[in-house]
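Peer 1: Next comes the sequence, and after it the predicted model I'd like to discuss.
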Amino acid sequence: MSLDPARLGPMANAIRALSMDAVQAANSGHPGMPMGMADVASVLYSRYLRFDPAEPRWPDRDRFVLSAGHGSMLLYSLLYLTGYAAPTIDDIRNFRQVDSPCAGHPENFLLPGVEATTGPLGQGFAMAVGMAIAERHLNAEFGDGLVDHRTWVVAGDGCLMEGINHEAIGLAGNLKLGRLVVLWDNNKITIDGSTELSRNEDVLGRYRASGWHTEDCDGHDVADVARAIDAALADDRPSLISCRTIIGKGAPHKQGTHGVHGAALGADEVAATRVALGWTAPAFEIPDDILAAWRGLGAKGAAARTDWQARLNADAKAAEFTRRMAGDLPQGDDAGKVFTGWLSQSQTVATRKASEMALEVITPVVPEMIGGSADLTGSNNTKTKATGPLTAQDYGGRYIYYGIREFGMAAAMNGMALHGGIIPYGGTFLVFSDYCRNAIRMSALQHARVIYVLTHDSIGLGEDGPTHQPIEHLMSLRLIPNLEVLRPCDIVETAECWNLALHNRHHPTVLALSRQNLPQLRSQGEMLSARGAYRLREAQGPRKVVIVATGSEVSIACETRDVLEAQGIGVDVVSMPSWSRFMAQERAYRDELLPHHVLRVSIEAGVTQGWEAITGIIGLRFGIDQFGASGKAEELYEHFGLTAGKIAPQIAAALDNEAFGHHH
C-alpha cells in the first residue's frame, strides 16, 4: 500500500484521539506512548503486519507484542480500528473500568487480539523472543507453507533498561532470530524525566555487540519508518529500530514532557490537541472515511488467511499441525504402560533422575515438548535422547541451551506457550526461581502451559550451602494463584507428576525435585497423585497420628511411622505432592484423609509457615525456619532435626498431652 502521508496522518490521529479520550474518560492511564507511536503503528499495520481480524487466532498470523504495556490504548485502538470483534467502542469508552476488557495493561485472556499480557517491562520483549523461536521451530517441522510469519515488538525505554533485556537480546542474537523486529519508542522520556537522568549508554551499540541489526529513523516520517523496516526485513539478524518520537505527539503544551507519560491530558489540553490535529469529531467517534481506511486494512488479511487455509487442507501434515496448535496431547498410552511397569520395580533414584527417566519415555511420543536449562543441563537432567539441540543452524532441535539466563528462559517459555504448538519445559535450581519469579507469575496470569523443572529442592543438595538451599521457596511458589507446585516423593510419583503437568493445559506447573537419592515408596495404585494427596501408609493399630509430608521427606515420615508403630501408636502417612490439587478435592475426601480428632503432623524441609492449614494449630510442624548450612545431606538432616530419631519422640510426647489422649 502507498504510504501517503495525507492518508496515514488522519489514520494515526484516530489512534491519538481514541487514546487521549479514553485516558481522559478514565482519568487514569498513559496517553503519551500511543500518541508518540501512532505514526509508526500506522505504517506497520498498513504495509507490513499479517493479520486477519475475523480470525484472531489464525496460526500463521504475525505476532504483535506491545511490550510497553502501559501504552495499552495503542493496541486497543488498533484492534478496534482494524475491525476485530472486540474491543467495541463501548469497551474503549470504559477503558480501565472493572467490567471492560480494555484493562489498564493488555491481558491476553480478556481479548483475542492481545498476544501476551504485558506491563512488567522487558517481559513482552523477552516473550517475543520465545514466539520467534517457536515460529522457526515449527517452520523447520512443517515448512514455509504452514509456518512463515514474523514477530513484531513495540518497546519503550523501560523494556530496554530492565535487566531481562540483556538476557533476551543475547538469546535472540545467538539464535539469529531474523524474523524478530523490535520498534523502540525512543522518546528520551521516562516517568522521572529525561532518560539522561539514568542512562548514557550507546543503546544501538549494545544491540550490535549482541549480534543484532540496528536501524535509526524519524518515527514521525512515514517514509523513513518504512525504509527502516525494509532494511530490517532484508537482514538475517534480529533487528532493533530506533524510532525517534515525541511523547504525546499532538498535545501542543505537554508533548515531549514526562507529564504526558502516565496521566490524563486534562480537558483543556484535550481540546487544544483537537485543534492542533485538526480533529473535529467528538470523543469516541471516528469519521467514516478514516474508519473505512482502517477497516480496509483489516479486510486485506482475509485473502492471505484463505490462501493459507487452502495450503493447510492440502498438506500431509495438516492433522498433526492442527493437533499441536490446538494443544491436544497425542493419542496412545505407550508412556503409561512403561510407568505402570515401574510399580513392580524398586528403584532408588533422585527425583531429578526419575524426571529424566520419565522424560526419556515421554519426549519421543510428545514431539511438541521443547526442553532446556539455564546452564544446568547435567544437574537438572532435562535433556533426553529425543531432544537434540535447537540452534541457529538447526531450528528443528528440541533442546535450548539458555545459558545463565533464568529470567530470560522463563519469559521465552511463556512466549513459546503463547505462540502455540509447543509445550516448553526448562530447568534451573529451585532457589533460583527467585531470578525468574515474575515470569513464573506471568505464566500463571496468562494461563500459559509452561513446566518449570526446579531441582536441588532442599538442604538435601548438601555442600553448596545456604545460598543454594531453598527454604521459603516451595511455600512462596504455592502462594501464586493458578500455579501448580508438584513435589514428588519417588520415581512413581515423579512419573505421575509429569503426567499431571502435561495435562495442565491452562496453567503452569513447577516440578520440585531432589538432588539426593530417594527410595521407591509406591508399588501399587494408578495416578494417586491426581488427588493431590493420598494415604501412602495405613495405621496398623487405632489411628492416633497422621503424618503429611512431601517429596524427600515422605520417606522420613515412613521411617517415623515405623518407629511409632513399634511403640503401639497407630500412624498414617499421607503423601501430598500437590497442595492445590488436594485443597480442590471434595470435603469428604479431605476429612477422611485428615481426620480432626487425631494428631496431625507435617514434615517438609522448608518453612513451616502455612502448614497450619493442614495440621491445625495444635498439630506439629517439622521443617526449617532458618537458612541452611554447608555439609553432607544426611548430616544436615540430622542437624536440622529432620530424622525419624528426632521426630518420633516429639510426636509421642505430644500424644501424652490432654488434647489427644481421649479420642478413640
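Peer 2: Noted; the coordinates are in hand. Numbers count the residues shown, from 1 in each chain.
Peer 1: Test my guess that residue 462 contacts residue 629.
Peer 2: No. Taking contacts as CB atoms under 8 Å, residue 462 lies outside contact range of residue 629: 9.9 Å. Any C-beta I mention is one placed from the backbone N, CA and C, and that applies to glycine too.
Peer 1: Now for the two: what residues contact both?
Peer 2: residue 636 (CB atoms under 8 Å, 6 or more residues apart in numbering).
Peer 1: the more surrounded of those two?
Peer 2: Between residue 462 and residue 629, residue 462 has the larger neighbour count (other CB atoms under 10 Å), namely 21 against 16.
Peer 1: The closest residue to the more buried one other than its chain neighbours and residue 464: what is the separation?
Peer 2: Excluding the flanking residues, the one nearest residue 462 by CB to CB, 6 or more residues apart in numbering is residue 633, at 4.2 Å. According to CB to CB, to the nearest Å, residue 633 stands 11 Å off from residue 464.
Peer 1: More neighbours: which of the two?
Peer 2: Neighbour tally, residue 633 and residue 464, criterion other CB under 10 Å: the higher count belongs to residue 633, 18 against 14.
Peer 1: Over to the more buried one: give its phi and psi.
Peer 2: phi -50, psi -50 (degrees, to the nearest 10).
Peer 1: Isn't it up against residue 457?
Peer 2: No. With contact defined as CB under 8 Å, residue 633 does not reach residue 457; the gap is 11.9 Å.
Peer 1: Need the residues touching each of those two.
Peer 2: residue 515.
Peer 1: Hmm, residue 391 is touching residue 399, no?
Peer 2: No. At 9.5 Å, residue 391 and residue 399 do not qualify as touching, with contact defined as CB under 8 Å.
Peer 1: shaky segments in the protein?
Peer 2: For the chain, applying pLDDT under 70 flags the ranges 1, 658-664.
Peer 1: Need the single longest helix in it, by residues.
Peer 2: As assigned by DSSP state H, the longest helix anywhere in the chain is helix 288-314.
Peer 1: So what does the most centrally placed residue in the chain have for phi and psi?
Peer 2: Nearest residue to the geometric centre of the chain (CA atoms, centre = their mean): residue 443, 2.6 Å. Main-chain torsions, residue 443, degrees, to the nearest 10: phi -60, psi -50.
Peer 1: Could you find the closest non-adjacent residue to residue 522?
Peer 2: residue 492 (4.0 Å).
Peer 1: which residue ranges form the helices in the stretch 451-600 of the chain?
Peer 2: With helices called from DSSP state H, counting those that start in this stretch, the stretch 451-600 of the chain shows them at 473-478, 491-503, 554-566, 579-583, 587-593.
Peer 1: which one is residue 554 nearest to, not counting chain neighbours?
Peer 2: Excluding the flanking residues, the one nearest residue 554 by CB to CB, 6+ apart is residue 489, at 3.6 Å.
Peer 1: show me the contacts for the residue nearest to residue 462.
Peer 2: 459-462, 515-516.
Peer 1: Most neighbours among those, please name it.
Peer 2: Counting neighbours by other CB under 10 Å, residue 459 leads these with 29 neighbours.
Peer 1: That one reaches residue 636, doesn't it?
Peer 2: Yes. Using CB under 8 Å, residue 459 is in contact with residue 636, at 4.6 Å.
Peer 1: Quick check: neighbours shared by the two?
Peer 2: Shared contacts of residue 459 and residue 636 (CB under 8 Å, 6+ apart): 628-629.
Peer 1: burial of the closest residue to the residue nearest to the centre of the chain other than its chain neighbours, as a residue count?
Peer 2: Spatially, and ignoring its direct neighbours in sequence, residue 443 is nearest to residue 508 (3.7 Å; CB to CB, 6+ apart). Number of residues near residue 508 (other CB under 10 Å) recorded here: 30.
Peer 1: do the one 3 residues further on as well
Peer 2: The tally of other residues near residue 511 (other CB under 10 Å) stands at 28.
Peer 1: how about it, what does it touch?
Peer 2: 355, 451-454, 486-488, 494, 497-498, 501.
Peer 1: quick check, nearest of the residues you listed to residue 621?
Peer 2: Residue 621 lies nearest to residue 487 out of the contacts of residue 511, by CB to CB, at 16.2 Å.
Peer 1: doesn't residue 455 make contact with that closest one?
Peer 2: No. Residue 487 sits out of contact with residue 455 when judged by CB under 8 Å, with a separation of 11.4 Å.
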